[in-house]
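>>> Can you look at this prediction? I've put the sequence above it.
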Amino acid sequence: MVVKTPPMGWNSWNTFGDRIDEQMIMEMADAMVSTGLKEAGYEYLVIDDCWSEKKRDRNGRLVADHVKFPHGMKYVADYVHGKGLKFGMYSCAGNLTCAGYPGSYEHEFTDAETFASWDVDFLKYDYCYHSPIVPGKYLYRRMGLALENTGRDILFSACSWGSDETAEWIKSTGASMWRSTPDIFDNWNSIRNLTERQSSLHPYNAPGCFNDMDMLVVGMHGNGNVGIGGCDDVQYRTHFSIWAMMGSPLMIGSDIRKMDEETRRTLMNREVLAIDQDPALRQPYRLEMQEAPGTEDLLVYARHLDGGDIAVGFFNMGGEKRQTGLNMDQLGLPVSTGRTAAFHELWTGGTVRPENGTLRLELEPYGCALYRAKLEALPY
Ligand code: GLA
């Protein structure tokens with residue numbers, strides 16, 4: 001299945017882990033609609049690990065846990081589809097899933113048919129307990145082919161955490177997104193670690209197969225399955241801005257039934273979402289800051305957008321307030337071009353302009369500024 005822009009949705013793992021059931025998933029579908037998330041573009045509702053019985057049936061088919069999903073998965077899929085959403089599920093390239101449920105190894109085609117028979121639209125495919133003999137690329141090709149041959153459009157979401165040089169072979173498997181980094185946890189160190197690891201992977205992020213930086217922790221505030229430590233709203237805004245700047249899929253991981261106002265504002269900022277979903281799908285590039293020699297705390301990225309605007313993101317990864325300045329030469333706009341740009345900040349709504357060829361700004365600890373810069377003639 002070919003997808004045009006980074007997929008967006010909600011996934012059960014970050015908050016719920018194995019505490020999933022039909023009622024909660026249906027409530028989540030309701031919440032995706034009632035909160036406006038669906039309208040903002042979040043369309044996939046994905047059940048992660050721990051949804052099945054521990055044993056296959058006598059025909060070797062996966063079976064939904066009878067207690068968690070008493071009416072079976074087709075019933076849940078129908079409900080999700082009834083809300084105008086798409087339905088995602090999870091399996092693993094190994095014998096077992098990461099949480100110890102049956103994996104799809106040597107059952108790939110049967111399982112793909114089972115998912116198709118439940119009207120599944122998205123499959124996240126993990127890498128735990130994989131064969132030590134069969135290379136990962138072969139395992140992912142199997143499932144990619146199996147899904148493609150079900151006759152149903154099923155988005156293939158690979159999750160081998162970037163290991164075994166996934167970047168080199170993932171596009172041969174038919175995957176539309178691939179986890180480029182290890183698991184996220186709800187704390188700043190994890191967000192920073194995933195951001196820094198991503199810096200060498202931008203060249204692999206391509207139309208049709210997007211680098212997945214993992215599910216969002218925005219709004220978790222230390223609650224739930226990966227809620228180890230928690231972050232504050234400033235950090236969540238920076239986290240979300242980085243994922244958008246890098247063009248990652250955006251899969252929400254918090255309990256959206258209890259979404260507070262600040263979380264809502266972050267997840268539904270239309271202008272930030274438009275950066276993530278920009279149709280040109282170009283990669284960001286890193287800008288070197290003279291003001292911050294020797295420190296890795298300040299990350300500045302730019303990205304050329306469809307139609308000629310430039311996204312520019314300043315990310316303060318450290319706990320100190322920071323002042324910085326960006327020289328327009330670095331964006332390709334020296335004075336000799338006769339052009340400058342108006343920088344519209346997507347969180348505050350303010351607009352600033354460079355002075356004498358330099359844009360100056362101050363960032364709060366862990367804060368960010370994310371601009372959409374529009375080119376204009378120099379005023380002389
Ligand atoms: C792995 C994946 C996670 C999640 C868990 C489920 O750790 O990377 O995203 O799916 O397995 O067990």
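Structure received.
>>> Return the longest strand anywhere in the chain as PDB; C-alpha atoms alone will do.
For the chain, the longest strand by residue count, based on DSSP state E, is strand 368-377. Written as PDB, here are the backbone C-alpha positions of strand 368-377 (Å, rounded to 0.1, in the frame of the first residue of the first chain):
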ATOM      1  CA  CYS A 368      11.500  25.600  20.900                       C
ATOM      2  CA  ALA A 369      10.500  28.000  18.200                       C
ATOM      3  CA  LEU A 370       9.100  26.600  15.100                       C
ATOM      4  CA  TYR A 371       8.700  29.000  12.200                       C
ATOM      5  CA  ARG A 372       7.200  29.000   8.800                       C
ATOM      6  CA  ALA A 373       9.300  31.600   6.900                       C
ATOM      7  CA  LYS A 374       7.800  33.300   3.900                       C
ATOM      8  CA  LEU A 375      10.100  35.000   1.400                       C
ATOM      9  CA  GLU A 376       9.700  38.700   0.800                       C
ATOM     10  CA  ALA A 377      11.600  41.500  -0.900                       C
END
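>>> What helices and strands are in contact with it?
helix 233-245, helix 270-276, strand 310-316, strand 339-345 (3 or more CB pairs under 8 Å, 6 or more residues apart in numbering; DSSP states H and E). To be clear about C-beta, it is placed using only N, CA and C from the backbone, and glycine gets the same treatment.
>>> Now do the first one against strand 368-377, angle only.
An angle of 50 degrees separates the directions of helix 233-245 and strand 368-377 when computed by axes from the mean of the first three to the mean of the last three CA atoms, to 10 degrees.
>>> Tell me which residues of helix 233-245 come out buried.
Using 16 or more other CB atoms under 10 Å as the test for burial, helix 233-245 gives D233, Q235, Y236, R237, T238, H239, F240, S241, I242, W243, A244, M245.
>>> One more: the last one?
Residues of strand 339-345 classed as buried: T340, A341, F343, H344, E345 (neighbour count, 16+ other CB under 10 Å).
>>> There's contact between A29 and V80 in this structure, I believe.
Yes - using CB atoms under 8 Å, A29 makes contact with V80 at a distance of 4.9 Å.
>>> contact partners of the one helix or strand in the chain whose mean pLDDT sits lowest?
The helix or strand of the chain with the poorest confidence is strand 322-327; it has a mean of 92 (mean pLDDT, DSSP states H and E). Residues outside strand 322-327 that contact it (CB atoms under 8 Å, 6 or more residues apart in numbering): 287, 289-292, 297-298, 300, 312, 314, 316, 354, 357-363.
>>> ok so, going back, quick one: distance of the longest strand of the chain to the chain centre.
24 Å (CA atoms, centre = their mean, to the nearest Å).
>>> what comes up buried for it?
C368, A369, L370, Y371, R372, A373.
>>> If we only consider these, which is nearest to the ligand?
Using CB to the nearest ligand atom, C368 is the member of the buried residues of strand 368-377 that lies nearest the ligand, at 24.9 Å.
>>> Let me see the contact set for the closest residue in space to the closest one that isn't next to it in sequence.
Distances taken as CB to CB, 6 or more residues apart in numbering put T238 closest to C368, at 4.2 Å, once the chain neighbours are dropped. Contacts for T238 (CB under 8 Å, 6+ apart) come out as I191, F315, N316, Y366, G367, C368.
>>> re earlier: quickly list what's touching both of A29 and V80.
Common contacts of A29 and V80 (CB under 8 Å, 6+ apart): L45.
>>> Comparing these two, which residue is more hemmed in?
Neighbours were counted for A29 and for V80 using other CB atoms under 10 Å; V80 has more, 25 against 22.
>>> A strand includes that one, no?
No - applying DSSP: H, G, I helix; E, B strand; the rest coil, one finds V80 to be helix, outside a strand.
>>> ok, it to L155 distance?
14 Å (CB to CB, to the nearest Å).
>>> what does the stretch 51-200 of the chain put close to the ligand?
Residues of the stretch 51-200 of the chain lying close to the ligand (CB under 6 Å from any ligand atom) are T97, C98, A99, D126, C159, W161, D183.
>>> Need phi/psi at the nearest residue to the fourth one once chain neighbours are set aside.
Spatially, and ignoring its direct neighbours in sequence, D126 is nearest to C92 (4.0 Å; CB to CB, 6+ apart). Note on C92: its backbone torsions stand at phi -150, psi 150 [degrees, to the nearest 10].
>>> Give me the distance between C92 and C128.
6 Å.
>>> tell me the contacts of M1?
L147, E148, D153, I154, L155, F156, G174, S176.
>>> what's around the fifth one, how many residues?
Right, L155. 23.
>>> re the thing from before, intersection of neighbour lists for C92 and C128?
Listed as contacting both C92 and C128 by CB under 8 Å, 6+ apart are C98, G103.
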